[in-house]
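1. sequence first, then the predicted structure, then my questions.
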Amino acid sequence: MANRDKDTITLGSGKIYLMEFADAMPTVDTICVDGNHLGWVKGGAALEYTQETYEEKDDLGMVSKIITTSEEALLKCGLLTWNGATLAKLVDRGTSTEEGGKRITKIGGAGNTSNANYVICFLHEDENDGNLWVLIKGKNTAGFTLTFAVDEGTVVEPEFKAMPHDEDGTLIELIEEIPTAA
Amino acid sequence: MIKTILDTAGLPYRKTRFPQPPAGTYVVYMDDIETDGPDGQPRILAHSATIEVYEPKPDDKAEAAIEAAITAAGLQWRKQDRYWLQTEQRYQVIYEFEYREIRRT
């Protein structure tokens, strides 16, 4: 039974989904389907929200006011499973096509610019305390590094930077399952 | 992988212990496993293999066969030099190597 109250311990990783969209932000039910599963995560995921503030106060420190001047949200994860099509979604300049038993992925080059808008959803599943969804509109701003090693799987580590996705300028939507009102 | 290597080497072998060992050179192996992979999915099995070679008398040919078999599998390996076991009245040579096995869902 969903019960994400103040005593809830959030423990564990989750699944990450990515979906291209054009108009209104899709709902989590639309996003979190197998076809949008970006890849299996290793090492969990991290959501970072940071803000810069400006403080104004009098010379004696008797009154002050703090306002937020800028803010940023990043969703980071490590993808242990991926292919060329995955990489094409992680860069703005990338295409991936399949023909004759081969997948050709081209990365880089202004001619490969997609200008796609993506919604990214990280789903933390908890049968006992209720599921949690982290929803952002964003793009990977970290590029990628492919390391091929004999003793460790190749992990792609995107960093999705959130962009405002509604009239309020919302960067992150954190959705939790809670008990429904009787 | 370990059985393939030992089959290639052509020496009698058993896992963990050899209840009634032959008079000649034989092998006992161990296979320690640690899992890795995506969160919540033990899809990568990291094997740490130990091959113990027991020789009634120094057996360079047996050791060369094992080394060739491990090398043919494309693996790096470590060797502990020949050591005399007084209680067993045999020489012991130990090989260790690691390899990874990937399982699909």
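-> Cool, got the structure.
2. all helices for chain B, in order.
-> With DSSP state H, the ranges of helices along chain B come out as B:2-9, B:60-72.
3. give me the below-cutoff pLDDT ranges for chain A.
-> By pLDDT under 70, the low-scoring segments of chain A are A:1, A:182.
4. residues from it in reach of chain B?
-> A:12-14, A:40-44, A:80-81, A:150-151, A:153 (Cβ under 8 Å from any Cβ of the partner chain). Quick note: C-beta positions are derived from backbone N, CA and C, even for glycine.
5. give me that answer again for 7 Å
-> A:13, A:40-42, A:44, A:80-81, A:153 (Cβ under 7 Å from any Cβ of the partner chain).
6. may I see the ChimeraX selection of the buried members of those residues?
-> Listed next is the ChimeraX selection for buried residues among the residues of chain A next to chain B, using 16 or more other Cβ atoms under 10 Å in any protein chain shown:
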select /A:13,40,41,42,80,81,153
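7. inside helices: which ones of the residues of chain A next to chain B?
-> Per DSSP H, the residues of chain A next to chain B never map to helices.
8. just tell me which of the helices of chain B ends up closest to residue B:18.
-> helix B:2-9 (12.3 Å; Cβ to Cβ).
9. which other helices and strands contact the closest one?
-> Helices and strands touching helix B:2-9, by 3 or more Cβ pairs under 7 Å, 6 or more residues apart in numbering or on different chains; DSSP states H and E, are strand B:26-36, helix B:60-72.
10. and it, which residues are buried?
-> By 16+ other Cβ under 10 Å, the buried positions in helix B:2-9 come out as B:2, B:5-6, B:9.
11. stretch A:144-154 too?
-> Result for stretch A:144-154 [16+ other Cβ under 10 Å]: buried residues A:144, A:153.
12. circling back to that earlier point, of all the helices and strands packed on helix B:2-9, which one comes closest to chain A?
-> Closest to chain A of the helices and strands packed on helix B:2-9, according to Cβ to the nearest Cβ: strand B:26-36, at 7.4 Å.
13. given the closest one, what are its sheet partners and their directions?
-> strand B:13-15 (parallel), strand B:44-55 (antiparallel) (DSSP bridges).
14. so what's the model's average confidence on stretch B:17-32?
-> For stretch B:17-32, mean pLDDT is 95.
15. which residues of chain A fall in strands?
-> A:15-21, A:37-39, A:41-57, A:64-79, A:94-99, A:102-107, A:117-124, A:132-140, A:159-163, A:173-176 (DSSP state E).
16. can I get those strands in a markdown table with distance to residue B:35?
-> As requested, the strands of chain A are exported to a markdown table (distance: least, Cβ to Cβ, whole Å):
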| stretch | distance to residue B:35 |
| --- | --- |
| strand A:15-21 | 19 |
| strand A:37-39 | 19 |
| strand A:41-57 | 12 |
| strand A:64-79 | 17 |
| strand A:94-99 | 31 |
| strand A:102-107 | 29 |
| strand A:117-124 | 22 |
| strand A:132-140 | 26 |
| strand A:159-163 | 27 |
| strand A:173-176 | 31 |
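17. out of those strands, nearest to residue B:91?
-> strand A:41-57 (43.4 Å).
18. quick one: buried residues of that closest one?
-> Quick answer for strand A:41-57 (16+ other Cβ under 10 Å): A:41-42, A:45, A:47.
19. same list (the residues you listed) but as TSV, adding distance to residue A:131.
-> Converted to TSV, the buried residues of strand A:41-57 look like this (distance: Cβ to Cβ, whole Å):
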residue	distance to residue A:131
A:41	16
A:42	21
A:45	14
A:47	15
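20. biggest separation within those residues, which pair?
-> Maximum distance among the buried residues of strand A:41-57 (Cβ to Cβ): 16.9 Å, for A:42 and A:47.
21. for residue A:136, find the nearest of the helices and strands packed on helix B:2-9.
-> strand B:26-36 (28.7 Å).
22. chain center to the closest one, what's the gap?
-> 7 Å (Cα atoms, centre = their mean, to the nearest Å).
23. buried residues in it?
-> Residues B:26-29, B:36 are the ones in strand B:26-36 that count as buried (16+ other Cβ under 10 Å).
24. fine, thanks again, bye for now.
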